[in-house]
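Peer 1: just a sequence and a predicted model for now, questions to come.
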Amino acid sequence: MRVLGIEGTAWAASAAVFETDQWQVSDADVVETDADADDYVFIESDPYQPESGGIHPREAAEHMSEAIPRVVETAIDHARDRASEAGDGTGPAADAPIDAVAFSRGPGLGPCLRIVGTAARAVAQRFDVPLVGVNHMVAHLEVGRRRSGFDSPVCLNASGANAHLLGYRNGRYRVLGETMDTGVGNAIDKFTRHVGWQHPGGPKVEAHARDGQYHPLPYVVKGMDFSFSGIMSAAKQAYDDDVPVENVCRGLEETIFAMLTEVAERALSLTGADELVLGGGVGQNDRLRRMLAEMCEQRGAEFYAPESRFLRDNAGMIAMLGARMYAAGDTTSIEESTVDSNYRPDEVPVTWRGREPVGPAGRASGKRPRAGPEESVDRGVRDETEVQGAEATVAIEADRVVKDRVPRTYRHPTLDDRLRTERTRQEAKLTSDARRHGVPTPLVLDVDPEESRIVFQRVGESDLRGALSADRTADVGRHLARIHDAGFVHGDPTTRNVRVAPSGRTFLIDFGLGYYTDEPEDHAMDLHVLAQSLAGTADDPERLLAAAEDAYRAESGHAEAVFASLDDIEGRGRYQ
């Protein structure tokens, strides 16, 4: 099978030929670059380089209109050579050098995507072969999953216009967390444009950061989501205030990449997965890769980052996923091949995989994941002694638990010390405040902020992830309404942060990301985080979320304003 891929979502005009001897493409296939291998990929790219500033949509489209025909013809010529060497015409037409044409359908810049879509349709009609529309961000994920050999990893996509965490469950990739404003690469580029550096800004920030001292910047993690706008404003202001640019760059890397790494760890903890894959052009940054690798090593997970050519935008990943989709019969008619600049990864029916959930609940290959404390909690075992959470280690005793926010060595020590101390104090205070307002929480028995340690009463025998029901999620909705009416938020109300007793009573735990606020938008973020966690861990998230939201409306004194803000938040999501 030989598939032509065409990519052009923003800046890289690219075409590729992916070739495999196997028509039934499996997870075990390994992409090689030498002609003697079973699988083979050829990539031809012509990137757009703006004269100054960032990517301009009109200029990018002009570049695509000139470069796409050229790179596509180069790839087709290469496919002809491969077909001639093999002595085959592989497509439905006897002389076709390809079996299918895969193209980036979105997300991306609309003018660029339309040029790519037009080219793909023309080539498919020219050779009378099927067309395959590929989601650009899912392709980033799949190339890493394919080359790593992982079963069901969590994927961190970090690219120019995008930043999100994905996990697979029941036929789709679920968005576990995402940026609420701009993509990570675009955020960095905004700072470098302010400084006067030419696009792309990421490599320049990386080079300057090596010589800099850490400069503190705002750290914004909201449950499973993150925001970069405040960090960029602070970085620009620091530069204008004559903070050495290398120090600001160091602060940017240490802050932004620590946020991404922390949320990746939260996603691993939420889903119970022990594999992480990195995708996207920002993934070429050495500091980010080292942070992620160190985090995974610290929690006993595996990490994989593809080589650079498969991290930056490229047609090779489009062709590879296109081959898997084609083998699964997932093709697109000419009439239905419109592009979508806001094509969300969770809108894609994943036809080339089974319906197994991410994490311990099931794996594609049937390989049993490594046993861990999270699994013992889900299975109802009561003699567990230590649980590794998203940011802390919890030692479990007969009637109490000792929570230690152990140092996260991937973070800069100054940043890490601040976060661990602040979150320990806040968690102890908010846990007690929630209890005073009628929300079941564990008693706080002892607090040591300097050691980042809290001793709690032991509550529940499992977390909500392993004991989901509509009644219990309704309880969570009521709990959140009560603390919001009291003027604070939980900050991270996932299914891992609700404990369930044998009687069915639910307890809110882990208020470390909480804070005091009367803003409806902040309260709505709690509901948004709950919705994301249900999507990532439940088989019927819509029904469970509806129960929580109905209970919230019935309990809350300001539900109308909160749900209006929730609509705004969900509309702002980067991939909406």
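Peer 2: Everything's here; your move.
Peer 1: what's in contact with stretch 242-260?
Peer 2: Contacts to stretch 242-260, defined as C-beta atoms under 8 Å, 6 or more residues apart in numbering, come from residues 156, 158, 163, 184, 187-188, 191, 195, 205-206, 208-209, 211-221, 226, 228, 231, 235, 238-239, 285, 287-288, 291-292, 408, 410-412, 415. Where you see a C-beta, it was placed from the backbone N, CA and C, and this is true even at glycine.
Peer 1: please enumerate the strands of the stretch 51-200 of the chain.
Peer 2: For the stretch 51-200 of the chain, the strands defined by DSSP state E, counting those that start in this stretch cover 100-106, 131-135, 154-158, 163-169, 172-178.
Peer 1: make JSON lines out of the ones you listed and add mean pLDDT, mean neighbour count and distance to Ala301.
Peer 2: Formatted as JSON lines, the strands of the stretch 51-200 of the chain follow (pLDDT from 0 to 100; neighbours: other C-beta atoms under 10 Å; distance: least, C-beta to C-beta, whole Å):
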{"stretch": "strand 100-106", "mean pLDDT": "96", "mean neighbour count": "30", "distance to Ala301": "30"}
{"stretch": "strand 131-135", "mean pLDDT": "97", "mean neighbour count": "26", "distance to Ala301": "25"}
{"stretch": "strand 154-158", "mean pLDDT": "93", "mean neighbour count": "30", "distance to Ala301": "9"}
{"stretch": "strand 163-169", "mean pLDDT": "90", "mean neighbour count": "28", "distance to Ala301": "13"}
{"stretch": "strand 172-178", "mean pLDDT": "89", "mean neighbour count": "25", "distance to Ala301": "15"}
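Peer 1: rebuild those strands as JSON lines, extending it with distance to Glu62.
Peer 2: Shown next, in JSON lines, are the strands of the stretch 51-200 of the chain (distance: least, C-beta to C-beta, whole Å):
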{"stretch": "strand 100-106", "distance to Glu62": "18"}
{"stretch": "strand 131-135", "distance to Glu62": "24"}
{"stretch": "strand 154-158", "distance to Glu62": "27"}
{"stretch": "strand 163-169", "distance to Glu62": "27"}
{"stretch": "strand 172-178", "distance to Glu62": "30"}
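Peer 1: now do the strands in the stretch 401-550 of the chain.
Peer 2: Under DSSP E, counting those that start in this stretch, the stretch 401-550 of the chain gives strands at 444-448, 453-457, 462-463, 488-489, 498-500, 506-508, 515-516.
Peer 1: what pairs with the fifth one, parallel or antiparallel?
Peer 2: Here the strand partners of strand 498-500, with direction, are listed using DSSP bridges: strand 462-463 (antiparallel), strand 506-508 (antiparallel).
Peer 1: among the contacts of stretch 242-260, name the ones in helices.
Peer 2: Judged by DSSP state H, helices contain the following of the contacts of stretch 242-260: 184, 187-188, 191, 195, 205-206, 208-209, 231, 235, 238-239, 287-288, 291-292, 415.
Peer 1: can I assume Pro345 is in contact with Ala139?
Peer 2: No - checked against C-beta atoms under 8 Å, the pair Pro345 and Ala139 is beyond contact range at 9.6 Å.
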